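# any chance you can model this:
(chains A and B)
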Protein chains: 2
Amino acid sequence: MKLIILQEKLKKGINFIERISSRSLTLPILNNVLISTEKNFLNLATTDLEIGIRWWGLTKIEKQGKTTVPARLLSGFINLLPNKKIDLETKNNDLFLSCENHQTQIKGISADEFPIIPKIEEGETISINSKDLCKGINQIVDIAVPSITKPEISGLLFFLEGKQITLVATDSFRLGEKKIFLKKKPSSQKEISIIIPQKAAKEITNIFSEVDKELKIYFSPNQIMFELGMEETPHPEIQLISRLIEGEYPNYQEIIPKKNTTQIILEKDDFLNQIKSASLFSGKVNEVKVKVDPKKKEIEIFSQNPEVGEYKSSVPGKIKGEACEVSFNHRFLMDGLTSIRSAEVSFELNKDSGPGVLKPIGDESYVYVVMPIKGS
Amino acid sequence: MKLIILQEKLKKGINFIERISSRSLTLPILNNVLISTEKNFLNLATTDLEIGIRWWGLTKIEKQGKTTVPARLLSGFINLLPNKKIDLETKNNDLFLSCENHQTQIKGISADEFPIIPKIEEGETISINSKDLCKGINQIVDIAVPSITKPEISGLLFFLEGKQITLVATDSFRLGEKKIFLKKKPSSQKEISIIIPQKAAKEITNIFSEVDKELKIYFSPNQIMFELGMEETPHPEIQLISRLIEGEYPNYQEIIPKKNTTQIILEKDDFLNQIKSASLFSGKVNEVKVKVDPKKKEIEIFSQNPEVGEYKSSVPGKIKGEACEVSFNHRFLMDGLTSIRSAEVSFELNKDSGPGVLKPIGDESYVYVVMPIKGS
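Numbers count the residues shown, from 1 in each chain, chains lettered A, B, ... in the order given. Down below sits the predicted model:
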């Protein structure tokens, strides 16, 4: 392999794919980036066996070839070079780079040892705005938790029905549901219900949230692929492919209350700030109590810890419905409020022991459900 | 105790003193801040038994008194409050705070259990600009290392002679020496040579680097105190008092080479960048080789690691003196270059195995000495 590429272009490519390279001691090839040429494209690829990322850059190829070198070393080195032309050449499996007065030789491992990253070439495809998708994922992705007994909730439900995608995550103490609407109808009318691993969902937002373009999503029975096209040609620039989590996602809709006994409209930042203050005085189960009296124009917040002291405050709000007193884990309430972007929030309660619901005012696409702490 | 204070003022005070409170399990009182009144001043104090910090704020005191409460809890809480009046009151040892709709009770421990922070009221004093002192400390403070066999080098030498302060730190692999000049002569002409613990030196920069005022330094045989005055009155606003490290600082001047066999003038950022690149390819002892040939207009930089690969580059420079080849630990070279603020640096070598010296061009007040890696 022999080629010339601008530092800026190579830096962009390596920074996209570098993150996924693992620090595997048992399988050192996973630390490496696969560098190969395809006609007049340089291709970089990394994988952790669950997720694979490929990047292509149009450049001047003098001689086709391929090798693999440590991804973090290459990335660290490329990032320090000036934005000039870089000569890349392979000899045996080693990579020789020269750029102005810098010359380096990086020990490589044969490309034949690099695991095959699957491709999806047939099946359902849809097109979605990358920013819409990434914003939606970001609202719920941190709710999911690794679980051995319930592997389904280690991932995000991705449910496609007509022009609507529903994303769901839960850790069984709280649940987030986000709806995203497609501009174009998918290629077929079939419903698709899959579970995407949390790590893959996070990588999608890391890679695609900076661009504001249409992403193509390809579905296969065991894999999902997200693809961004190049500006200058119809060739893909980045592909992220992930295996799916097998199994059926819990019937989460049962958990979202259909109605409420009390509804409060609050200023989000004010409410969040008071929960933060109250959290300093809460006990071992992170308990913060919310007391609502529809005769008042504010809700009361309490917390106490026999070792630390106690806290009491109030937040002005518009209250409808019944009086109630409910305790929540302050961390779960704060997470829910942080995931909401509107200035006002609707906080819906169901008597003293039913789940609480947070919804942004003026945005029907997002719901956050939080279980109360019972018996307090 | 009963008083009223503005949130902004109390926040400023608590943020100054909070950092030094430890998380001591054996002596829980050290986690606490001592809150007391002195005439019309509120006084906050924390200590870790090595360093003590006191802050005073002029305010409206209704009733004198004192108590101690957990410093981090108080600070976390005060920081979240709005900038309004806070009512502070003690009952038994507990602290009751109320601010707008927030009310809290914080469990306290009797002020009688709080360790006495010593005062220095007599002895030598000098006056120094806080920014000059903090900048000087920052250039060398990270060089010092905790050492049980040589406790002296766990601290910074502070040597006062006439109008000149010399600060020195070393870990026996490298050494930094910084001279600071006083505007006013000290109260007596006695030389003072003391060793300040590294942690105290770091706290000085944390606390005083944001202000650009005259600091008073008080000396006693076992303690040093740094004091910042209040704007509105002659009363002190902040005092940091630290114990000193006993013993005699090593005769470091022997280590600083009086002459050199080779001198190179280099662009600092260019040199630093090349050492960073070379560091990626260096081996287990962090070795980077510098090769100088006075016939050339550049120095060469090499590194290699049989497992990773090798690196070669050059940096343009003005060379005087003999040819030589010296290996250094890249981390020590980078630390030295980072501590220098001038655009150009003088890099002085002493044959193939003598120490290297880095000096900023146009600034005689700073010297950084780095030992070579021998036998390579």
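
# near chain B, which residues of the stretch 251-376 of chain A show up?
Within the stretch 251-376 of chain A, the positions adjacent to chain B are A:273-274, A:276-277, A:280-281, A:298, A:307-315 by CB under 8 Å from any CB of the partner chain. Heads up, the C-betas are built off the backbone N, CA and C, glycines and all.

# filter those residues to the buried ones?
Buried members of those, scored by 16 or more other CB atoms under 10 Å in any protein chain shown, are A:273-274, A:276-277, A:280-281, A:298, A:308-315.

# three-state assignment of A:K202?
helix (DSSP: H, G, I helix; E, B strand; the rest coil).

# tell me the pLDDT of it.
Confidence at A:K202, expressed as pLDDT, is 97.

# likewise A:G375?
64.

# before we move on, what about A:I4?
Reported pLDDT at A:I4 in the predicted model: 97.

# and the one 5 residues further on, by the same measure?
A:K9 carries a pLDDT score of 96 in this model.

# test my guess that it contacts A:T59.
Yes. Using CB atoms under 8 Å, A:K9 is in contact with A:T59, at 7.0 Å.

# the two: who's more crowded?
The neighbour count for A:K9 versus A:T59, taken as other CB atoms under 10 Å in any protein chain shown, is higher for A:T59 (18 against 15).

# which non-adjacent residue is nearest that one?
Nearest residue to A:T59 in three dimensions, chain neighbours excluded: A:I5, at 4.4 Å (CB to CB, 6 or more residues apart in numbering or on different chains).

# quickly note the distance from that neighbour to A:K11.
Distance, A:I5 to A:K11, using CB to CB, to the nearest Å: 10 Å.

# compare neighbour counts for those two and give me the winner.
A:I5 (21 against 18).

# the one helix or strand the more buried one maps to - contacts with which helices or strands?
Applying DSSP states H and E as the criterion places A:I5 in strand A:2-6. If you count contacts as 3 or more CB pairs under 8 Å, 6 or more residues apart in numbering or on different chains; DSSP states H and E, strand A:2-6 packs onto strand A:60-63, strand A:85-91.

# and A:D112, how far from A:I29?
For A:D112 relative to A:I29 (CB to CB), the value is 10 Å.

# next one: A:K184
39 Å.

# inside helices: which ones of the residues of the stretch 251-376 of chain A next to chain B?
Secondary structure assignment by DSSP state H places A:N273, A:Q274, A:K276, A:S277 of these in helices.

# give me every residue that touches the residue nearest to A:T59.
When contacts are counted by CB atoms under 8 Å, 6 or more residues apart in numbering or on different chains, A:I5 touches A:L42, A:G57, A:T59, A:K60, A:K85, A:I86, A:L88.

# quick check: bridge partners of the fifth one?
Put plainly, it is A:K85. Per DSSP bridges, the residues bridged to A:K85 are A:L6.

# spatially speaking, which residue is in the middle of chain A?
A:K202 (2.9 Å; CA atoms, centre = their mean).

# so what's that one up against?
Contacts here follow CB under 8 Å, 6+ apart; on that basis A:K202 touches A:I137, A:V141.

# could you do A:I137 as well?
So A:I137 contacts A:L156, A:L167, A:A201, A:K202, A:I204, A:T205 (CB under 8 Å, 6+ apart).

# pick the one among these closest to chain B.
Nearest to chain B among the contacts of A:I137: A:K202, at 27.0 Å, using CB to the nearest CB.

# now for A:R174, how many residues are close by?
Neighbours around A:R174, by other CB under 10 Å: 24.

# next: the one 5 residues further on.
Neighbour count of A:K179, defined by other CB under 10 Å: 16.

# that one touches A:K163, doesn't it?
No. Using CB under 8 Å as the test, A:K179 is too far from A:K163 to be in contact (10.5 Å).

# can you name the residues bridging to A:I299?
The partner residues for A:I299, given DSSP bridges, come to A:V315.

# how about the helices of the stretch 1-150 of chain A, start to end?
Counting by DSSP state H, counting those that start in this stretch, the stretch 1-150 of chain A has helices at residues A:7-18, A:71-80, A:130-140.

# got a markdown table for the ones you listed, with distance to B:S220 too?
Shown next, in a markdown table, are the helices of the stretch 1-150 of chain A (distance: least, CB to CB, whole Å):
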| stretch | distance to B:S220 |
| --- | --- |
| helix A:7-18 | 55 |
| helix A:71-80 | 49 |
| helix A:130-140 | 56 |
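
# nearest to B:F347, out of these?
Judged by CB to CB, the one of the helices of the stretch 1-150 of chain A that comes nearest to B:F347 is helix A:71-80, at 19.7 Å.

# next, the angle strand A:85-91 makes with the closest one.
Going by axes from the mean of the first three to the mean of the last three CA atoms, to 10 degrees, helix A:71-80 is angled at 150 degrees with respect to strand A:85-91.

# report the inter-axis angle for helix A:71-80 versus helix A:7-18.
150 degrees.

# how about helix A:71-80: buried residues?
Buried residues in helix A:71-80 (16+ other CB under 10 Å): A:A71, A:R72, A:L73, A:L74, A:S75, A:G76, A:F77, A:I78, A:L80.

# what sits up against it?
Against helix A:71-80 from outside (CB under 8 Å, 6+ apart): A:7, A:10-11, A:14-15, A:17-18, A:21, A:31-33, A:46, A:86, A:95, A:97, A:104, A:106, B:273, B:276-277, B:280, B:308-309.

# now it and strand A:2-6, what's the angle there?
Going by the same axes, to 10 degrees, helix A:71-80 makes 50 degrees with strand A:2-6.

# for helix A:71-80, the averaged confidence score.
The average pLDDT within helix A:71-80 is 96.

# kindly report the same for stretch A:47-59.
Here the average pLDDT along stretch A:47-59 is 96.

# send the alpha carbons of it over as PDB?
C-alpha atoms of stretch A:47-59 as PDB (Å, rounded to 0.1, in the frame of the first residue of the first chain):
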ATOM      1  CA  THR A  47     -14.400  -3.300  15.900                       C
ATOM      2  CA  ASP A  48     -15.000  -4.600  19.400                       C
ATOM      3  CA  LEU A  49     -16.800  -7.700  18.000                       C
ATOM      4  CA  GLU A  50     -20.200  -6.100  19.100                       C
ATOM      5  CA  ILE A  51     -19.900  -2.800  17.100                       C
ATOM      6  CA  GLY A  52     -17.900  -2.100  14.000                       C
ATOM      7  CA  ILE A  53     -17.200   1.300  12.500                       C
ATOM      8  CA  ARG A  54     -15.900   2.000   9.000                       C
ATOM      9  CA  TRP A  55     -14.700   5.300   7.500                       C
ATOM     10  CA  TRP A  56     -13.800   6.100   3.900                       C
ATOM     11  CA  GLY A  57     -11.800   9.000   2.500                       C
ATOM     12  CA  LEU A  58     -11.200   9.800  -1.200                       C
ATOM     13  CA  THR A  59      -7.500  10.200  -1.800                       C
END
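
# if anything else comes up later, I'll come back, but that's it for now.
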